[in-house]
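Enquirer: pasting the sequence and the predicted model now:
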There are 6 protein chains.
Amino acid sequence: MGIQFSNAERAEVLVQALPYIKRYRGKIVVVKYGGNAMTDDALKQQVMEDIVLLRLVGVKVVLVHGGGPEISELMDKLGKHPEFIDGLRVTDKDTVDIVQMVLAGKINKTLVNLIEAKGGRAVGLSGIDGRMIEAKMKDPRLGYVGEITKVRVSPILDLLEKDYVPVISTVACDRDGNTYNINGDTAAAHLAGALAAERLILMTDIAGILRDRNDPSTLIRELTVKNAENLHREGVISGGMIPKVECCVQALRQGVKNTVIMDGRKPHSILMELLTDEGAGTLIVNG
Amino acid sequence: MGIQFSNAERAEVLVQALPYIKRYRGKIVVVKYGGNAMTDDALKQQVMEDIVLLRLVGVKVVLVHGGGPEISELMDKLGKHPEFIDGLRVTDKDTVDIVQMVLAGKINKTLVNLIEAKGGRAVGLSGIDGRMIEAKMKDPRLGYVGEITKVRVSPILDLLEKDYVPVISTVACDRDGNTYNINGDTAAAHLAGALAAERLILMTDIAGILRDRNDPSTLIRELTVKNAENLHREGVISGGMIPKVECCVQALRQGVKNTVIMDGRKPHSILMELLTDEGAGTLIVNG
Amino acid sequence: MGIQFSNAERAEVLVQALPYIKRYRGKIVVVKYGGNAMTDDALKQQVMEDIVLLRLVGVKVVLVHGGGPEISELMDKLGKHPEFIDGLRVTDKDTVDIVQMVLAGKINKTLVNLIEAKGGRAVGLSGIDGRMIEAKMKDPRLGYVGEITKVRVSPILDLLEKDYVPVISTVACDRDGNTYNINGDTAAAHLAGALAAERLILMTDIAGILRDRNDPSTLIRELTVKNAENLHREGVISGGMIPKVECCVQALRQGVKNTVIMDGRKPHSILMELLTDEGAGTLIVNG
Amino acid sequence: MGIQFSNAERAEVLVQALPYIKRYRGKIVVVKYGGNAMTDDALKQQVMEDIVLLRLVGVKVVLVHGGGPEISELMDKLGKHPEFIDGLRVTDKDTVDIVQMVLAGKINKTLVNLIEAKGGRAVGLSGIDGRMIEAKMKDPRLGYVGEITKVRVSPILDLLEKDYVPVISTVACDRDGNTYNINGDTAAAHLAGALAAERLILMTDIAGILRDRNDPSTLIRELTVKNAENLHREGVISGGMIPKVECCVQALRQGVKNTVIMDGRKPHSILMELLTDEGAGTLIVNG
Amino acid sequence: MGIQFSNAERAEVLVQALPYIKRYRGKIVVVKYGGNAMTDDALKQQVMEDIVLLRLVGVKVVLVHGGGPEISELMDKLGKHPEFIDGLRVTDKDTVDIVQMVLAGKINKTLVNLIEAKGGRAVGLSGIDGRMIEAKMKDPRLGYVGEITKVRVSPILDLLEKDYVPVISTVACDRDGNTYNINGDTAAAHLAGALAAERLILMTDIAGILRDRNDPSTLIRELTVKNAENLHREGVISGGMIPKVECCVQALRQGVKNTVIMDGRKPHSILMELLTDEGAGTLIVNG
Amino acid sequence: MGIQFSNAERAEVLVQALPYIKRYRGKIVVVKYGGNAMTDDALKQQVMEDIVLLRLVGVKVVLVHGGGPEISELMDKLGKHPEFIDGLRVTDKDTVDIVQMVLAGKINKTLVNLIEAKGGRAVGLSGIDGRMIEAKMKDPRLGYVGEITKVRVSPILDLLEKDYVPVISTVACDRDGNTYNINGDTAAAHLAGALAAERLILMTDIAGILRDRNDPSTLIRELTVKNAENLHREGVISGGMIPKVECCVQALRQGVKNTVIMDGRKPHSILMELLTDEGAGTLIVNG
């Protein structure tokens, strides 16, 4: 990036970040990473830089990731054709193996590798390790689609204590050795709740919650749980935004301080969200 | 298994295991898992039972795994055709992605899941996590085939301290974010050395080192490094056995107490090796 | 010990002990040691082996002992003639000195020595050390027969943390420097309660609680506190069994998980009780 | 502070500070504070902001201060007239009392108060507390002018561990209860040496070491100890710069990684020195 | 020190102090130091000896000091003339600077130096350090006279844990960087309360609470809070004794075990108070 | 005890003990207890008081005891007649049982009880516990008379850390479960060496080393190892004093700071030795 700052300007900017750093220092922030920020390589590099910086200034970032597009891609290559029941994808044994392989093997380790290449220290785990996320079958017709039944976060806390960035793949296990595909936002919300996180950030590919879906200038910057319910009834919150808002509400109920549905398409959006006065997206808080 | 013992007999057997348990209690044992013990499902279940039991009686087992056959299988399915230079497989970027995915995603998490289903507690990591295994390119013509340059075992020690069985996939990283395929036995030997392990166990599909390759009754039960060199010269140690013996010798030089090339085809071979007077395979010791 | 097992059989037995080891690992088990198991030398050796093995697999065994026959023997040799009031032995100053000497000096140190000779690590203490067991006089006419008023278990917890087997003599003290003879079963029950033990084992010289005293095949394998009260009323629990059952009930009320009146005449009875599905004697549980 | 940055620019600047933060994180930096940066109120506020920010991003700053002008001012008000022997100020008992009072009472606590008002956490100590700086009389004719004989830094390490900024007044004590006035730069160098600091920063009111004293563009940005000796011989390092350079050389010999004679007149000079690529003043390193 | 004791007598005296040492060992005793014991040099030396001895035998002494006479003296020398409103001294910015300088710079460090010269280890702090004592303005007309709003004792606890005697100057701060002059007895009472001290000792220049103010033989040796209230109504407690008794009552309410208004004019009065059966002054206890 | 001191005198005495307390605080002092101080009840009470006081002021006292007279007494009562070979007592199995019983059971627990009755905290161990003292047979004709082969002091260090006074019986064990009678002074010297004690005190029933055995006024107050050798050659050190001096010399060689052969017949001799300027007996130091 071609921007040139004098060193005095740099110092000035750093000093202005001070109150934000103070606010998040030593606090846990769970980031559900996905969308463009994961597929666009430049954005991906910036997200990793942001995470390394936040860790350095003392923020305990936990990176949670899914990986829909890469799963579909590998299924395609392997000639697996998706089946649907009532609009939901059937996940047979082979499919869940592919999910596990792509999430815990490909994406997870690639993210860990990137964070380390940026100078950070990371360790990647899945919901299977240390039985962090236990699930049961949601609906036998859907196969290995899991509903979370229990969350254990002690391996994450151990890693945070040793100064690693924990990178978590959203697959789950049960006591019989099965693996389940689970929804990434839901998993992030459960983990944030169990970690009593200061903030849960859900990255998306839209500007946030818009009063008029076609006009980005109608972005709602802050919302209480109560307002959210009203907006849902009014139809302002609709479609794919509904489950995201539900995740936020659930996390807030489990003790997360506040939650953000963040526009992941902006460069350094996480840093801007946490260390400046602007934020990026819609903040949802208790009330 | 249909064997029936009286409880008095059971007690007797347990008491007879006492000196062996005492010997390995609190000690680190690195097991390089592979071969039939990994492909035969009954054997796989028994290995996991052995590991859970050993952990319970205080042995700090570290399970290191590769996964050749499953890698080849997925490559096949994806239509990748192996190329060779001087008999060594060329590992391009796509291939190393497949290796990472199968080892760190599929096999690693499946083993973790199995250990947990047997009642143990496990966490799976790869050489990328916490930059545990750093490597460089061996030969540019071979692509991402790595030669180990540095090993960091603190994440393994942290897991052992928290009573988890660490399950380690043998892929490595460098400082630029690349992944390398590395030889599993070599990785296990390096880790055992850095962990100052009490014992390194390399599982194979033969009875051990045989004086007469066609006669299992000529099994050499114990060997010094010096004897091993002589047997190499004499041609008794040959073919695929040569690099395995070299791994043992190198581990011994780095401070591992002793090493075993073990017949993984026998049921409960690890338990027999560690907790009875018989052992299974060939023990190689300093001297 | 003529039994011969193949190593495969041994491995099988060890694996079958796994769920039991898991259950007791890290838990405190208080064993009140006495009767034939203490006077028969072969049984004594086996009890010590059992304890060393249990400690090795992670069970925190606390060995509590009395020593009636040896006390009487020394009194005899010293020409002391027992006096009785209402059937209870009068314990004058000289007698309590003999009790202290035999329990804390002879038996305690001999047991410690034996455990160490079997490869364990042990430290012997009495109720006087660290004022672990404080008592007051029960009845002035009986002299130094004590009733427990306070129990302090921190020295036992310190020893367990350092991996020693604590061996405890059942003599007590008061704040004026007096020593008291106390009932061994009662002391074991108090200690088990204060330690929140997983299990209290009282060793005896009968098979357990029998519905028909003359027919060992009428052994009651499990009993609730409520059942025990009924059996007492019915006269099934009678004589010397009454105070033993009372000790168990009291320990259960103080938070001990369950209690066993165990037949100490069987070889390796402790191991069979804890690590097999059979048990040895009568289990008494809450309810 | 009229500069306006967009949040994207802010994020960019923060990311660019990453390698510098990484370098100094967890490291001890001793800042000898004085000159204009101490008398000019705007600069003083900025120094305190810099220190609070550095502490937040993990740099262990130790602030060492003298206070010449305020001492002279109070002496004046109290009608004390300075006496000199061979150009050195005679420090009688009354004078050293004033020094102690101004440094440890006025300046020290005012700095602590300021750091706390900026949102940091600070504790102020003097060389008397915990006998951190022991001294002896340099020359009886000069009175209580001290020469450092011993340095104890454990109280500073305790404060750093508890996340406080230690603020240290440069007065010393002896074993008879006397107080000594000591040179601030020398004290800072001794403390930095004993703390094995990563960097010692001596603030001054000039640009650094200039090849041509009248031309700021001749600033020497980096210097080895050897070069410094040559420049001294050549007369480039002269006057008040000589003892400052000597302090740096001594600190380097005691194990401080590198030292800076910094221009304290620039806004946020400490931040620029540590967190940008420019630095402010002359860096002196071993070699 | 002309008294001569035989060594046997010395041993006897030491043994007789045993129950008192046992009582205060490991307990926190807050001593508000002032009056003659601070201005008379021989008494001052003895107080410091007492404190060093008490620390050595395990009593956790916290020394709190004011310094009225020295403040007045310096104000005089600087030509500042006290102003009063309703009998209370007006404390302008200059005056509070003088207070801070004398208390935190002169007296505090001189006491630390003395304790260390007697062989103890001490560290001096003020209410500003670590924001230990926060205050707000009592009455704008009086200027920087503070009313305590919050007390933080963690720096004192850290020093006690490291075996230092904490010496505390009674100045306070607010969140804007202002310093306040606060009443020494009140500060000591607040600190004692927050420290859950075993005893608060307020040193004065009278024998204690006298029934007849002119007759020292009417000293009241012990008093409950209830009695104190009655004596106040009866006019026995009057004048300067009223606020002292109020401090004691407040400390008792905050959990201090007991409080003493002690005659600081007697040699070694603290030692006599704590380590003999006599005490020195009036003990006030709950009830 | 009729001595009456004023409280001012008491305070004075306590203050005078200050430098001695400082010297021994946190240091380990091993006291070999025996002779009149053990048989005379008044002296015994005083020794226990001394030990409790020393522990309270921070001296880490380890009490080591033998018990010759009580062993002989019980042997007598049991009709055992001592046999001698070359002047050394033959210790058969029965005799060593008696030794173990009297030392570890009677004397040890009685001392622990006494210390606790004086307000101290004590735990009694023998050389068998934790295999603290291992020995082998000195001469088969003598039976179970042991020569020390190994000393393990970690149980003593654990007790000191938890603030208990360790009370140690001088019996030893071997790896086969045998008990040995060992010389008490030798055992104390070995333990002091392994503990790197500040001081070893051997209590005796004479004034110390006398130049003229019949004239107590010829007591030698201090001696170097070299002087001791000369005095031995000159015959001044003779008889029972020879092995005691040898124990001291050996302890000094193993790193004990200094050693004392102390007159145990004086009241509070330990306190006088450690906390006054006089001492009691002969000090032997390196040189």
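Expert: On my side now, so go ahead. Numbers count the residues shown, from 1 in each chain, chains lettered A, B, ... in the order given.
Enquirer: and the residue of the stretch 101-250 of chain A that's closest to chain E?
Expert: For the stretch 101-250 of chain A, the residue closest to chain E is A:Glu161, as judged by Cβ to the nearest Cβ, at 21.6 Å. C-beta: built from backbone N, CA, C; applies to glycine.
Enquirer: could you check the pLDDT of that residue?
Expert: Among the per-residue scores, A:Glu161 holds a pLDDT of 94.
Enquirer: from B:Ile128, how far out is it?
Expert: From A:Glu161 across to B:Ile128, the span is 21 Å (Cβ to Cβ, to the nearest Å).
Enquirer: quick check: the residue of the stretch 101-250 of chain A closest to chain E vs chain F, distance?
Expert: Between A:Glu161 and chain F the computed distance is 26 Å (Cβ to the nearest Cβ, to the nearest Å).
Enquirer: also A:Val99?
Expert: With the distance defined as Cβ to the nearest Cβ, A:Val99 ends up 52 Å from chain F.
Enquirer: what about that residue, is that helix, strand or coil?
Expert: Here A:Val99 takes the helix state, with states given by DSSP: H, G, I helix; E, B strand; the rest coil.
Enquirer: give me the nearest residue to it, chain neighbours excluded.
Expert: A:Asn181 (4.7 Å; Cβ to Cβ, 6 or more residues apart in numbering or on different chains).
Enquirer: got it, and A:Val249?
Expert: Leaving aside its chain neighbours, A:Val249 sits nearest to A:Val225 (5.4 Å; criterion: Cβ to Cβ, 6+ apart).
Enquirer: ok, now which ones touch that neighbour?
Expert: A:Val225 is in contact with A:249, A:252, A:284-287, counting by Cβ atoms under 8 Å, 6 or more residues apart in numbering or on different chains.
Enquirer: among the residues you listed, which are in helices?
Expert: Secondary structure defined by DSSP state H assigns A:249, A:252 of the contacts of A:Val225 to helices.
Enquirer: filter the contacts of A:Val225 down to the buried ones, PyMOL style.
Expert: Selecting the buried subset of those in PyMOL, with 16 or more other Cβ atoms under 10 Å in any protein chain shown as the burial test, is done by:
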select buried, chain A and resi 249+252+284+285
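Enquirer: re earlier: so how far is chain F from the residue nearest to A:Val249?
Expert: The gap separating A:Val225 from chain F is 52 Å, by Cβ to the nearest Cβ.
Enquirer: quick one: low-confidence parts of chain A?
Expert: Applying pLDDT under 70 to chain A flags the ranges A:1-3.
Enquirer: and the strands in it?
Expert: Chain-ordered strands for chain A, with DSSP state E as the definition, fall at A:28-33, A:60-65, A:84-85, A:88-89, A:122-126, A:133-137, A:146-151, A:165-169, A:171-173, A:179-181, A:199-204, A:222-224, A:258-263, A:282-285.
Enquirer: I'd like the ones you listed as TSV, with distance to D:Gln45 appended.
Expert: Written out in TSV, the entries for the strands of chain A read as follows (distance: least, Cβ to Cβ, whole Å):
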stretch	distance to D:Gln45
strand A:28-33	30
strand A:60-65	31
strand A:84-85	64
strand A:88-89	60
strand A:122-126	38
strand A:133-137	49
strand A:146-151	46
strand A:165-169	35
strand A:171-173	52
strand A:179-181	55
strand A:199-204	31
strand A:222-224	32
strand A:258-263	32
strand A:282-285	32
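Enquirer: residues contacting the residue nearest to A:Lys150 when sequence neighbours are not counted?
Expert: The shortest distance from A:Lys150 to any residue that is not its chain neighbour, by Cβ to Cβ, 6+ apart, is 4.1 Å, and that residue is A:Glu134. By Cβ under 8 Å, 6+ apart, the contact set of A:Glu134 is A:127, A:148-152, A:172-175.
Enquirer: about what we covered before: so what's the residue nearest to A:Val99 bridging to?
Expert: Beta-bridge pairing of A:Asn181, defined through DSSP bridges, involves A:Val145, A:Val171.
Enquirer: what is the burial count for the closest residue to chain B within the stretch 1-150 of chain A?
Expert: In the stretch 1-150 of chain A, the residue found nearest to chain B is A:Gly105; the distance is 1.8 Å by Cβ to the nearest Cβ. A:Gly105 has 29 neighbouring residues, counting by other Cβ atoms under 10 Å in any protein chain shown.
Enquirer: longest helix in chain A, by residue count?
Expert: Looking only at chain A and at elements set by DSSP H, the helix with the highest residue count is helix A:7-24.
Enquirer: run through the residues of chain A sitting next to chain B.
Expert: Selection of chain A residues close to chain B by Cβ under 8 Å from any Cβ of the partner chain yields A:77-78, A:97, A:100-106, A:108-110, A:112-114, A:116-117, A:121-126, A:128-131, A:154-155, A:158, A:162, A:164, A:171, A:173, A:175-179.
Enquirer: is it true that A:Arg141 touches A:Ile85?
Expert: Yes. Here A:Arg141 lies in contact with A:Ile85, judged by Cβ atoms under 8 Å, at a distance of 5.3 Å.
Enquirer: can you name the residue of the stretch 101-250 of chain A nearest chain D?
Expert: At 5.8 Å from chain D, A:Gly119 is the closest residue in the stretch 101-250 of chain A, using Cβ to the nearest Cβ.
Enquirer: wait, what's in contact with that residue?
Expert: Residues near A:Gly119 by Cβ under 8 Å, 6+ apart: A:52, D:18-19, D:22.
Enquirer: try 10 Å
Expert: Taking Cβ atoms under 10 Å, 6 or more residues apart in numbering or on different chains as the definition of contact, the neighbours of A:Gly119 are A:48-49, A:52-53, A:55-56, B:175, D:18-19, D:21-22.
Enquirer: hmm, A:Tyr144 is touching A:Thr95, no?
Expert: Yes. Counting by Cβ atoms under 10 Å, A:Tyr144 does reach A:Thr95; the two are 7.3 Å apart.
Enquirer: shared neighbours of the two, anything?
Expert: Both A:Tyr144 and A:Thr95 are contacted by A:Asn181, under the criterion Cβ under 10 Å, 6+ apart.
Enquirer: measure the residue nearest the centre of chain A to chain C for me?
Expert: The centroid of chain A falls nearest to A:Lys32 when counting by Cα atoms, centre = their mean (0.2 Å). Separation of A:Lys32 from chain C (Cβ to the nearest Cβ): 36 Å.
Enquirer: quick one: contacts for the residue lying closest to that residue once chain neighbours are set aside?
Expert: For A:Lys32, ignoring the flanking residues on the chain, the nearest one in space by Cβ to Cβ, 6+ apart is A:Ala188 at 3.7 Å. Contact partners of A:Ala188, counting by Cβ under 10 Å, 6+ apart, are A:30-34, A:62-66, A:168, A:170, A:197, A:200-203, A:247, A:251, A:259.
Enquirer: what's the local residue count around the nearest residue to A:Met132 once chain neighbours are set aside?
Expert: Take A:Met132 and drop its neighbours on the chain: the residue closest to it by Cβ to Cβ, 6+ apart is A:Arg152, 5.2 Å away. Using other Cβ under 10 Å, A:Arg152 has 16 other residues around it.
Enquirer: from the stretch 51-200 of chain A, which residue is nearest to chain C?
Expert: Among residues of the stretch 51-200 of chain A, the one nearest chain C by Cβ to the nearest Cβ turns out to be A:Arg175. It sits 14.0 Å away.
Enquirer: doesn't B:Glu116 make contact with that residue?
Expert: Yes. Here A:Arg175 reaches B:Glu116: they are 7.7 Å apart, a contact under Cβ under 10 Å.
Enquirer: who's more crowded, those two?
Expert: Between A:Arg175 and B:Glu116, counted using other Cβ under 10 Å, the more crowded position is B:Glu116 (25 against 12).
Enquirer: okay, now the residue lying closest to A:Leu43 once chain neighbours are set aside: neighbour count?
Expert: Of all residues not flanking A:Leu43 in the chain, A:Ala37 sits nearest, at 4.6 Å (Cβ to Cβ, 6+ apart). The local packing count at A:Ala37 equals 24, with neighbours defined by other Cβ under 10 Å.
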